[in-house]
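[1] here is the input, now give the coordinates:
(4 chains)
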There are 2 protein chains.
Amino acid sequence: MNPTLTSPPRRVTIVDVARHAGVSVASASKVLRDAYGVSEEMKERVRASMATLNYRPNAAARGLRGKTFTLGVSVPDIDNEFVSALVEGILSVTEPTEYEVLIGPAGNASSSQAKVIDAMVDRQMDGLILFSPYGSADRIAEIAGSTPTVVVSRHGASRVYDTVVGDDMLGARLAVQHLIDQGHERIAYVTHSDGDQTDPHSPQRVRERGYREAMSLLGLEARIDVVPSTWSRTGGTQAARTLLARDELPTAVFAGADVAAFGMMNVFGEHGTRLPADVSLVGYDNTSVAQLRPVSLTSVDQDASSLGEHAAQLLLERIDGRSEARHVVITPRLEVRATTGEPRRTDGAAD
Amino acid sequence: MNPTLTSPPRRVTIVDVARHAGVSVASASKVLRDAYGVSEEMKERVRASMATLNYRPNAAARGLRGKTFTLGVSVPDIDNEFVSALVEGILSVTEPTEYEVLIGPAGNASSSQAKVIDAMVDRQMDGLILFSPYGSADRIAEIAGSTPTVVVSRHGASRVYDTVVGDDMLGARLAVQHLIDQGHERIAYVTHSDGDQTDPHSPQRVRERGYREAMSLLGLEARIDVVPSTWSRTGGTQAARTLLARDELPTAVFAGADVAAFGMMNVFGEHGTRLPADVSLVGYDNTSVAQLRPVSLTSVDQDASSLGEHAAQLLLERIDGRSEARHVVITPRLEVRATTGEPRRTDGAAD
DNA sequence: GGTAGGCTGGATAACGTTCTACAACAAGAC
DNA sequence: GTCTTGTTGTAGAACGTTATCCAGCCTACC
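    Coordinates of the predicted model:
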């Protein structure tokens, strides 16, 4: 069948298209790019040749001179419901465009994150969406200097890149307020202490500030109780074990992320600690697992999908040439479910 | 600071490295690639220059002649726990290598899948891992002809690409056998009917065959009951509604995927249908959500992470030059949890 | 009827790498 | 001393595209 039996048929290039249409390569390139200076008639002819030859431009070659039409999304772990929703939002915006989205699994170490981001830059991607990146703001700014960049879920505005964040201060306040409204006073906050501890712009730190502020505002500063852990299922199990090892369990726990809350649920379940009878639990992100009926976790919703849409929108604008920075803040909302209720009356005043 | 104030500093290229080290570009390229014909002394000198100049090769340019050191993983939806585990397995193998993994969100339509796969080929990726692809076997073979390819979770061996699959026949049999052992007879199977209906190699079809065979083998062919739906949370809710609308609920449901089972759990919960008292439920994939204590779904485990490891391993071998195809089958295992139990005695013989 | 200007189309030099072919040289064999 | 052989380094042509310039040609205007 194939004239040269051994090797696979060579890919059709723009040269083949040009020859087939009887025009120069330059002209073929022009119609491919919709550039100025080609007659309607020629456009049609070249387009027809592209179709019959089944031509697809080589993105690698394109990248060398022009654009790659590729957007990179770096995420710490894809094993995160929040990330799925975010990506879905991004895709809904990019789908009608000619851009392709590729996701880089960046891991939770700042070194592996840097590696993935570098890899995306090295592949000449046209734009980057970084989800909750660990690197220093300077490093991000440096990258943004050469490649349009939008940062998601990391506070701290910049002049050189755009940001899209949920209002984590408010989200934390909503969670704490809800618990206090129900009569809780001993409310613990489970934080994420991986990555860059000192970065005041990480969601975990901002949520912590929201928690502290809400507690203080309601006269509970003495009860402030921050449990260091990580926002993962295993982090949650560890945090729960830490709490259970104490003399007295707090009456409520605000886990900074749903995943951590899930880990805690497992441990509480094993120990016969009931939710919300023995302890109330609030998560963050309102992932689809939290919405599962057997789980029914009270959680702060920050509309990941809309975060993603905004991010993609901003990125496309950046690529189109916008140079002043924009910063979008999404307002979170508390979704009350079955894991929160009134505290058990422990001290004095029996039933 | 910057000599040319406006534009960002030009990237350092191999030409800069060569000049800095006082050698030719060709030689610099040789040490970069660890190619034959360079003295130790020169290697060191060039490596030093690369380090001081902070040189990173341009992957797009590399792709034009050599390799891009990029592996593409196409997945229908990343909002799938199984996929997360798969990717994790892949990364554990590729991490020590110089290859970078990028994930393409391919969606559930066969058109969008094709688009993503094309995009990866166009970007000159060195190898492809396709998870549960929809396209025809011919189309996949065509791609595999030009780019090393490993197909995951799609049965049907090929001479031109490798495959890694769970033994879905066996998995289905394990699930059905378990239910029958507990005394069930009216066991429904919820299948996925998106995509290519006629493809006998899709997991849904193979699991269906396993289900039918197990039922028949135990004399229950009259009870065979295949519920068409989709393997997603909403698919599950629809399937559950369909079942509830019948005169009589089956005593057990084998959902072909955990996600579908989750959707069903929600609906059953709303309707006061208890698990397993009123109906037993078995999933497939043993996702981490199934393992969550409040969920505790009985499920077939096919060790996604090991699937991923095998796939990555095979792909690296392919890239290294292996040309005969290899096909790996992973043996699944049933994980019994709280959603399965003896059927309620409905007919005759009261307590 | 000359010429300025607007359209079309094409030549051609990049872009940053790889890799083949070859040059230069040294060392050993006769 | 010449010839072979082996080692180390380099020139330079790809790879597939983009984008800048320039050459025709046609029209319209003086």
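
[2] which strand or helix spans residue A:263?
    Assigned by DSSP states H and E, residue A:263 belongs to helix A:258-270.

[3] oops, could you answer that again for residue A:248 instead?
    Judged by DSSP H and E, residue A:248 forms part of no helix or strand.

[4] is it true that residue A:106 touches residue A:120?
    No - if you go by Cβ atoms under 8 Å, residue A:106 and residue A:120 don't touch, sitting 9.6 Å apart. C-beta coordinates here come from the backbone N, C-alpha and C atoms, glycine included.

[5] overlap in contacts, the two.
    residue A:74 (Cβ atoms under 8 Å, 6 or more residues apart in numbering or on different chains).

[6] I'd assumed residue A:131 was in contact with residue A:83.
    Yes - judged on Cβ under 8 Å, residue A:83 makes contact with residue A:131 at a distance of 6.6 Å.

[7] overlap in contacts, the two.
    A:75-76.

[8] near DNA strand C, which residues of the stretch 51-200 of chain A?
    A:64-65 (Cβ under 7 Å from any atom of the strand).

[9] quick one: name the residues of the stretch 51-200 of chain A near DNA strand D.
    So far as Cβ under 7 Å from any atom of the strand goes, the stretch 51-200 of chain A lies against DNA strand D at A:55, A:57-58, A:61-62, A:64-66.

[10] ok, of these, which one's closest to residue A:322?
    The closest of those to residue A:322 turns out to be residue A:66 (Cβ to Cβ; 19.4 Å).

[11] which residue is the nearest non-sequential neighbour of that closest one?
    Nearest residue to residue A:66, sequence neighbours excluded (Cβ to Cβ, 6 or more residues apart in numbering or on different chains): residue A:33, at 7.6 Å.

[12] again, but for residue A:260
    Using Cβ to Cβ, 6+ apart and skipping the chain neighbours, the partner closest in space to residue A:260 is residue A:236 (3.8 Å).

[13] burial of the one you found, as a residue count?
    Counted with other Cβ atoms under 10 Å in any protein chain shown, the neighbours of residue A:236 add up to 29.

[14] how about low-confidence regions in chain A?
    A:1-9, A:195-197, A:345-351 (pLDDT under 70).

[15] can you do 80?
    Along chain A, the parts satisfying pLDDT under 80 run over A:1-9, A:79-80, A:194-198, A:345-351.

[16] who are the contact partners of the closest residue to residue A:276 other than its chain neighbours?
    The shortest distance from residue A:276 to any non-neighbouring residue, by Cβ to Cβ, 6+ apart, is to residue A:341 (3.6 Å). Residue A:341 is in contact with A:182, A:276-277, A:280, counting by Cβ under 8 Å, 6+ apart.

[17] which segments of chain A make up each domain?
    Per automatic domain parsing, the structural domains of chain A span A:14-57, A:69-166+A:304-331, A:168-302.

[18] strands along the stretch 101-250 of chain A, start to end?
    For the stretch 101-250 of chain A, applying DSSP state E, counting those that start in this stretch gives strands covering A:127-131, A:149-152, A:162-166, A:187-192, A:225-229.

[19] export those to TSV and tack on distance to chain B and mean neighbour count?
    Formatted as TSV, the strands of the stretch 101-250 of chain A follow (distance: least, Cβ to the nearest Cβ, whole Å; neighbours: other Cβ atoms under 10 Å in any protein chain shown):
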stretch	distance to chain B	mean neighbour count
strand A:127-131	12	26
strand A:149-152	13	28
strand A:162-166	17	26
strand A:187-192	17	26
strand A:225-229	18	19
